[in-house]
Structures are given as C-alpha cells and as structure tokens.
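*Asks:* sequence below, structure please.
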Amino acid sequence: MLDGFNFWRTRRRTALIAACVAAGLTLSLNISAIIYLQLRSVPNPGGEMPINPRLFLGNCSKALRLNTGIHVLINILSTIMLACSNMFMQLLLAPTRAEIDRAHRRQRFLDIGVPSLRNLLHISTRNRLVWAVLVLSSLPLHLLYNSAVYMTRPMNDINLYVVTPGFLEGETASVRNGVWMYNWRRQQNLTGLDGRKARDRKIVSQQIEGDGRFGWYGGCTTDNCSSVQQYAMQRGYSRVMSPLECLNAYSTFEGNRSDVIFVSSYDYLWNSSTAIPHFALNGSEVLITEDASKLPNRINSSLLFALELPSMFSAMGFWIDYGWLCGNTNSFECRRPSLWREDPSIIKDWNMLGWKVDECLVRDVPLTDKCSVNYSTGIIIVVCCVNALKFICMLYGVRLLSKDGQYSKPLSTIGDAIASFLEIRDGTTCGLALINKATLSRQNSAWSAKRKDVWTADRFRWFQLVSKKRLSWTLLMSMVVLFGGISAMLASFVLIKQRAGTARHILDIPFGATDQYTFGQLGRHIAIGDRDSTRKAFFPLIFFANIYASKRKALRVSSPKGEQRSTYFLSLPWRYGIPLAATSALLHWTLSQSIFLTALATYRPEGFNNELLFLGSSPRPLILTVTLGFIIGIVLLGLCFRKSKGVLPRGGTCSAIISAACHGPAGDTEAAFKPFKWGEIDAAQSSGLLPRKGHIQDINEAKHAQSTGVDIELTELAGLGHCCFTTYDVTAPVQGREYC
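*Replies:* Here you go, the predicted model:
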C-alpha cells in the first residue's frame, strides 16, 4: 500500500495535475474575491469619491489587522501560483531523450536538472511557446498582486492663516491688500538657515520667499475673510496652542489637527508690531515707511497671509525643509523635532515668513474610525486574467509533459538522464569518459575524436565544477543584487538625512512603518529580490561530482523502478533545500516590510477630499534585508571553496558528460535499477565495451555507433582504461593514466 502511494506520489503526471488543481483553486478564489468585494464595498460617507473602493472603513487597529491578514493570504496564493508555474517552466525546459540525441548528433550538448536557456533552441516549439507565456504572465503577479489591496491612513487638509491679534477682535481684514503687501514682502531679505542646501546649513541673509513657492492662495471665500474671522471669534478653533505645542502638532501628518491660525504681534522684517502699517497711497504712488499709521490712505489688513495647503504639500511638504512651517526665516533646524523637543528655547524666535508666532488657534476635525482598506478592481481583474492564462497553459502543459516513452518524457533531473543513458547508450559520446564541459564548448572536433585523456586526481573546489560562464553569471547577478541593495540603503540614509536633518531618524521609525520622510521613493529598493534561481541553478552542478564518485547509491529518478529512489523532483536535497527555502522566505518577508504601497486619505470638515498613493519604504527592514543578503552571499562564497568528495569529470549538468559516463560493461544491463558507483573498471570488462541498446549484439551496436557518426576502433582503445557508472566493482582512476 505504502509502495503504491510512493509510486503515485513520485509520478510526474500526478504532480502536474496537483499543480493544475492548485492553480484552479487560486483562480476560483480570485474570482470569488472580485464578486465579494463588489458586493461588500463600503459606501462613501460624504465628500469626494476615493480612487478605489473601500472594503473596510473604521478603527485603524482593525484596518491594520485586516490588511495584514489579506496580504498574508495574497502572498500564500501568489507563492502557490508562482511555484506551480515555475515547476511547469522547468519541466518545459527539460529536454527529452530524443531532443538530446538530436543535439548530440549536431555536436551540441544540453543542460539537465537546471533551468537553462541553452535548451530553448532544442526543445519543441510548443514547449517554447507555453514556457514564454508562463514567464511573461509571472511579471504581473510579481509586480501587481500585493498592490491589489492596501491600507489608507487619514489626515486632515490644512488651511493656514497668519493674523494680527486684532483679527480675533474683528479688525478689518482685506485679502486684496494682504496679497499686494506680501508680493513686496516676499522679495525682502531676512536671516535664516540657507534654504539652498539640504545639510550643513549656515545662517545667511536670503529672500523671505524668493522662489514664490507658496504665494497667497485660497483659504478665504471673500475679500474680508469674514467666514474665517467669525468662526475664530466664535471659538470654532477649539484649541489654543503654544509655539512648542503647535510645532509638535504640525510636524507630522497624523492627528486630528486641521486648519490653523498663527497669531503674530511682532514683525522681524520691520522690527516692530504687526499692528503698525507700513504702506500708504499718495495719489498713484505707494509709500513704504517704517510707520504709516499717521498717513492718510494707509493700506492695512489684520490678515497678513493665507494659504490653502494642497494635499500633496500637507503630506510631503515636510520634505522641503518644512517650507510651509519654517521657511527661510528661521535659524533652528525645523526638520529635527527631537532638537527642539529636548531644548524648547531654540524655537523662541519661531516665525512664519518673518512674523513671530505668539500662539496658534487650531481647528480639530476628528479622524476616529476613518482608516480604510481599499482594493483596486482593475488590478484584481488583471491578476485573474493572468491566473486564468497560467491555468490554461498548465492544462496544456500536462498534455505535453505526461508522455512516458523512453524518448519522449522530459529528463528533468540528473538521475533521470543517467537512468536513460544507462538503459539506452548514446553512441555519440562513447570514448569521451573524461571529457569536460570546457573542451566540448570550444572544440567541436572533441565529439568525433578518439579521446585519450590523462587522469589527474585533483579534488576540485566546488566553484571549479561549474562552467565559467554560469559561475560568472551567478556571481554577476549576486553582486548586482547585493550592491543594488547597499546602494538603495545608502540612498535612503542620505535622503532621510536631507529630509529629517539626521540619519538617526531611522531609529525613530518602527519596523515596517513609514512616515513623511520615506514616502514616494518609487523603485529605489527593488534591487534585493529573489535570488533562488541563481542559487538553485548553482548547487545541482556540484552534486554530480560528489555523490556517485564517493559512495555506491541507487539513482533518484522521477518515477522509480527496481531499487531506484524517489527524486527530490525539482528541488535540492533537504540539507540545502530547506535552508535555501527558509532564507528565501525570510528575504521575501523582510523585503515586503521594506517596500509597500501606502495611501493617505485627506479630509476636510465636510468629509473625504482626496486620496494620495505613495510607495512607502521602511528603513529597518531594508537594512535587515541587505544584511541577510550579505550573510547569504558570504555563506555561499564559503561553500564555493569546499572541496568535492568525489573525482568525477567537471560539468555535471552537461548531457554529453552524463552520457559519456554511462558507457558501462556490456554485461551490466541492470545498472539503471541498482546501486552503482563511478570509477575505473577492470580491463577485462572494458575490452568488451561498445555502445549498445538493450541486449543487441555487438555487431549491431557497432553499426549503430557508425550510423551516429562515431568512429570506434577497439584496436585504438586497447590498453586504455575506462571509467563509468556501473554496478561492478570499480577502483579510483590512476594518476597519469590514459582513459577513454
């Protein structure tokens, strides 16, 4: 019973059907999700419509838990889908025996047991097309799936006003006069930290707002700004804050604070009270003087400045030196709240555009229960379409990959290839027992030449068992990934230092969280990705040289027979596969905590206003991701310098080398189904060596060898040793001896 279960468990067709079932269930869940989300979307409570529908609107803790749970499910589904797709992709690239024989006749070798683009030119057109569709359809899953659902945090839009104390007592306010006076004022000079630099800033004399970044915009619906003035006089601005409290409240985008009135009684530009007018009309001329209170036709306004802060500035204007909060007229580092929280005295001269802030009147708009979980219908539909396309390709792939004939089934593992070549010898590689991949790559004549290779009993280090091209590509990709991650991490440090004034602000950001200093870094940290493909392609290359040269073992194949064992299928042995899978999962998790889609929903007193989407990043997980990548790289580098236990020819995934090692003694007909070992066989056994198929007589085998273009003359090979896989007794090759 158990043997029957193991047989079916290892059958390739069973695994393929199971993958199709998993893909079908994933597709069903995604389609069900679309229907459910459309039926359960939360109606808009007022104001503008959000960019994407809401699945949930309410308590922020509940929204966070729901968002986390959904993303766990998304990652499970995407992992299942991509794993199934990758299995089909690797099997589709695996050549059949017929394709290998055809390539060998053309003096070309293929790769066994690893995903290899070399095989693309030799597999069937249908396999190539299905493989290409599966590859291209994986990109949307990688790039979009996690962005289908995201959490939105609320923040209030801000209208700010700078007024004299008289504004709160009903003194005349004029937007027209205020705009005219400010346009002259902003071009005047005051001292403050150099606004042209992001760090190491010195106090310089500079224009109040020479770049016209803000100007006077919005906030008042009438020239006398009566709506704001009346609301303030009726104590609609519920909280009165000191300068320190005000800076604390508005130095972050979080909190219930909304519109703010900065009350100023002193003007640093004129070094006088804000109640003293400085402009007057003299006919068609404008007089500007230190005190115009006694002049006729003086121009005055208790409203000094007004600005309706755009949503983008409300969220990200903090980056630009807190421009709207501190500007060019303050001498303390406004970007570093920790400094003025520790020493409030440094903000004693805090001013807005040169008007000293005495106090702030703050309007609260509660944001309780306004966190939401939103979803993108368009992205989910794209994911479903991609999922359906993969499902169809997999169903067709089952048909392509379910063939069990000796020449038609894909040889997906090295064990499958050895079993095939032991059962049916390949005449094109007879006499190439010690050939290596490098020689085959650069010398086409090596295939037809009668080889007399001298054995050197060197135990190679692992990196020497890999072709230079594959090793170089693996190292290059690893270096690009690692240094890309380091560059992104350093860029984050620089950016945060520029925005926050110090890189130590990283310590203030919780693990997996983001703030206004880390928004919008689109594409900066995508360098650290999945390196499994390079790692998993590297390790199978060394097993060929370690396993069967050191111990006598039965083959691991996809469908075991006799004493053959079940293969690891498409994965590595547990001692390597489990650590690699664990580190891969850990890297994926830390990366998902490093970069994520985040959104801010801006509110006005009348309701929802706008939604801003950002690519948020969290520095701590990014540091951990880069550190893990570096540690993994060091471990892999150390493994590369290990010495192989066995002494097999180099290039273990090369079909020609595998084939050449399978020319055993003529009487060893059951080698594929019993434990065997690689080594030198007795001269008596090697003298009867010829390519053969099953139990065909020697003369027929010779004819078959000649038909495949191989010139074998026993007299030429007489006296030479021979190494191969066999169930017979073998010895280690002799140093300096010639072998064929």
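
*Asks:* all contacts plus neighbour counts: C-alpha atoms, from now on.
*Replies:* Noted.

*Asks:* low pLDDT regions in the stretch 501-650 of the chain?
*Replies:* 501-502, 512-513, 516-517, 519-577, 581, 585, 643-650 (pLDDT under 70).

*Asks:* what about the helices in it?
*Replies:* Remark: helices assigned in the stretch 501-650 of the chain by DSSP state H, counting those that start in this stretch are 532-538, 540-543, 574-594, 619-640.

*Asks:* give me the distance from the longest one to the chain's centre.
*Replies:* In other words, helix 619-640. 15 Å (Cα atoms, centre = their mean, to the nearest Å).

*Asks:* show me which residues of it are buried.
*Replies:* Pro619, Arg620, Pro621, Leu622, Ile623, Thr625, Val626, Leu628, Gly629, Phe630, Gly633, Cys640 (16 or more other Cα atoms under 10 Å).

*Asks:* using CSV, write out every CA atom in it.
*Replies:* The C-alpha coordinates for helix 619-640 follow below in CSV (Å, rounded to 0.1, in the frame of the first residue of the first chain):
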residue,chain,number,x,y,z
PRO,A,619,14.5,51.7,6.6
ARG,A,620,14.9,49.0,9.3
PRO,A,621,13.5,46.1,7.3
LEU,A,622,15.6,47.3,4.3
ILE,A,623,18.8,47.2,6.5
LEU,A,624,17.9,43.7,7.6
THR,A,625,17.2,42.6,4.0
VAL,A,626,20.6,43.9,2.9
THR,A,627,22.3,42.3,5.9
LEU,A,628,20.7,38.9,5.2
GLY,A,629,21.6,39.1,1.6
PHE,A,630,25.2,39.9,2.5
ILE,A,631,25.4,37.0,5.0
ILE,A,632,23.9,34.6,2.4
GLY,A,633,26.5,35.8,-0.1
ILE,A,634,29.3,35.1,2.4
VAL,A,635,28.0,31.6,3.2
LEU,A,636,27.6,30.8,-0.5
LEU,A,637,31.1,32.1,-1.2
GLY,A,638,32.4,29.8,1.6
LEU,A,639,30.6,26.8,0.2
CYS,A,640,32.2,27.5,-3.2
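
*Asks:* need phi/psi at Ile17.
*Replies:* phi -70, psi -40 (degrees, to the nearest 10).

*Asks:* what of the one 3 residues further on?
*Replies:* Here the main-chain torsion angles of Cys20 (degrees, to the nearest 10) amount to phi -60, psi -40.

*Asks:* on the pLDDT front, check it for me.
*Replies:* Note on Cys20: pLDDT of 94.

*Asks:* ditto for Ser314
*Replies:* Looking at Ser314, the pLDDT reads 49.

*Asks:* same question for the one 10 residues further on.
*Replies:* With respect to pLDDT, Trp324 scores 74.

*Asks:* quick check: it vs Phe614, distance?
*Replies:* The gap separating Trp324 from Phe614 is 21 Å, by Cα to Cα, to the nearest Å.

*Asks:* neighbour count winner among the two?
*Replies:* Higher neighbour count among Trp324 and Phe614: Trp324, with 19 against 16, using other Cα atoms under 10 Å.

*Asks:* now do the SS call for the more buried one.
*Replies:* coil (DSSP: H, G, I helix; E, B strand; the rest coil).

*Asks:* repeat that for Tyr36.
*Replies:* Once three-state DSSP is applied, Tyr36 turns out helix.

*Asks:* now for it, how many residues are close by?
*Replies:* Tyr36 has 12 nearby residues by other Cα under 10 Å.

*Asks:* again, but for Leu287
*Replies:* 15.

*Asks:* how about it, secondary structure?
*Replies:* strand.

*Asks:* who touches it in this structure?
*Replies:* Counting by Cα atoms under 8 Å, 6 or more residues apart in numbering, Leu287 touches His278, Phe279, Ala280, Leu281.

*Asks:* measure it to Thr274 for me?
*Replies:* Leu287 is 17 Å from Thr274, by Cα to Cα.

*Asks:* try Glu308
*Replies:* 22 Å.

*Asks:* likewise for Asp364?
*Replies:* Taking Cα to Cα as the measure, Asp364 falls 27 Å from Thr274.

*Asks:* more crowded one of these two?
*Replies:* Neighbours per residue (other Cα under 10 Å) separate Asp364 from Thr274, with Thr274 holding more: 22 against 18.

*Asks:* so that one sits against Gly166, correct?
*Replies:* No. With contacts defined as Cα atoms under 8 Å, Thr274 does not count as touching Gly166, sitting 9.6 Å away.

*Asks:* where does pLDDT dip in the stretch 301-450 of the chain?
*Replies:* Residues of the stretch 301-450 of the chain that meet the cut-off, pLDDT under 70, sit at 310-323, 438, 442-450.

*Asks:* for it, what spans make up the strands?
*Replies:* Taking DSSP state E, counting those that start in this stretch to define them, one finds strands in the stretch 301-450 of the chain at 303-309, 351-352, 355-356, 359-364, 371-375.

*Asks:* other SSEs contacting the strand or helix carrying Leu139?
*Replies:* Assigned by DSSP states H and E, Leu139 falls within helix 125-144. Packing partners of helix 125-144 (3 or more Cα pairs under 8 Å, 6 or more residues apart in numbering; DSSP states H and E): helix 60-93, helix 377-401.

*Asks:* switch the ones you listed over to a markdown table; also include distance to Gly178 and mean neighbour count.
*Replies:* Shown next, in a markdown table, are those (distance: least, Cα to Cα, whole Å; neighbours: other Cα atoms under 10 Å):
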| stretch | distance to Gly178 | mean neighbour count |
| --- | --- | --- |
| helix 60-93 | 41 | 18 |
| helix 377-401 | 47 | 19 |
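
*Asks:* out of those, which comes closest to Leu597?
*Replies:* Closest approach to Leu597 among the helices and strands packed on helix 125-144 (Cα to Cα): helix 60-93, 11.6 Å.
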